[in-house]
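# Here is a sequence together with a model predicted from it:
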Amino acid sequence: AIQLVESGGGSVQAGGSLRLSCVASWHTYSHYCMAWFRQVPGQKREGVVVFDDYGYNHTADFVKDRFTVSQDRGKNTLYLQMSSLKPEDTAMYYCAIGGSWCYRGMDYWGKGTLVTISS
C-alpha cells in the first residue's frame, strides 16, 4: 500500500498563507493521478486540485488564483501553496493518489491536516 502523510496545516488569520506538504511512499504507478481534497465536518468532500502526469490539471473555481500545486519528485512530495486564505477555506485537507486516469478515482488517502482560518 502507498502511504501518504500530510503536514503544514495550522491556524492563520484571513489573508494569510500556508503551504501544505504530502509525502508519498514509493510507488510503481506508470501513470498516476494526484489530488488535494478538503472536507468540513458534516459536509461533502470536495476536490481542490486534481492533476495527472499526462498534463491534466483541474483547479476548483473557489481556489483559483489563490492555491497552487507543485511536486518535488525527488522527495516524493506534493505541495499545496495556499494564499489569500479565507475563513471558508477552513477544513481538513487530504492528499490522495490513484494509479490511473483521474476520473477513475483515488486508491490511497492520507489522514489529513487541519487548516483553520480566522476572520
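Cool, the structure landed.

# Show the subsequent helix or strand relative to the helix or strand containing residue 37.
Element membership for residue 37, per DSSP states H and E: strand 33-39. Proceeding N to C from strand 33-39, the next assigned helix or strand is strand 46-52, under DSSP H and E.

# List of residues touching the strand holding residue 37?
20, 22, 45-52, 56, 67, 69, 71, 78, 80, 89, 91-98, 100-102, 104, 106, 112, 115 (C-beta atoms under 8 Å, 6 or more residues apart in numbering). In this view, the C-beta of every residue, glycine as well, is placed from N, C-alpha and C.

# could you flag which of those residues are buried?
20, 22, 47-52, 67, 69, 78, 80, 89, 91-98, 102, 106, 112, 115 (16 or more other C-beta atoms under 10 Å).

# What about these, which are in strands?
Among the buried ones among the contacts of strand 33-39, the ones falling in strands (DSSP state E) are 20, 22, 47-52, 67, 69, 78, 80, 91-98, 115.
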